[in-house]
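# Sharing a model prediction with you, sequence too.
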Amino acid sequence: ATNGLDAMEHGGTLSITAEALEDQKMIELQISDTGQGISVSDLKEMGRPFFTTRAGKVGLGVAISKRIAQAYGGDITYDSKMGKGTTVRIRLPIEPVGERS
């Protein structure tokens, strides 16, 4: 959510929703902003340790978050359009890993 807020320097809308995807036995969190969007080239780098476009940042937050989600059987994906905003989707299993049938 902090990245989304940072992307909206001149204001905008940040929304957070959650939805159970029962057919996939997952829960999906969506964090959407109406910021500047992420370029195609930067989207390809998302999740790479130490990648950042922001001055003074280390570039580990997205990489660590993605690895944690994957360790629990989930994932993080991004949908972004320049000048329109970005939606981050975090999918995690409803049941703990190892207990799914």
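Nice, thanks for sending it over.
# hey, let's count contacts and neighbours off CA atoms from now on
OK.
# which stretches of the chain form helices?
Applying DSSP state H to the chain gives helices spanning 2-6, 40-45, 61-71.
# In space, what's closest to the most centrally placed residue in the chain - neighbours in sequence excluded?
Nearest residue to the geometric centre of the chain (CA atoms, centre = their mean): residue 88, 3.3 Å. Nearest residue to residue 88, sequence neighbours excluded (CA to CA, 6 or more residues apart in numbering): residue 78, at 4.7 Å.
# Repeat that for residue 92.
Residue 92's closest residue in space is residue 74 (CA to CA, 6+ apart), at 4.3 Å.
# what does the model give that neighbour for pLDDT?
What the model reports as pLDDT for residue 74 is 95.
# Repeat that for the one 4 residues further on.
The model reports residue 78 with a pLDDT of 93.
# That one - how many residues pack around it?
Residue 78 is flanked by 16 other residues according to other CA atoms under 10 Å.
# Adjust the sequence numbering to begin at 53 for everything that follows.
In the new numbering, first residue 53, that becomes residue 130.
# doesn't residue 138 make contact with it?
Yes. Counting by CA atoms under 8 Å, residue 138 is a contact partner of residue 130 at 7.0 Å.
# if we can go back for a sec, for the residue nearest to residue 140, what are its contacts?
Taking CA atoms under 8 Å, 6 or more residues apart in numbering, we find residue 130 in contact with 95, 138, 139, 140, 141.
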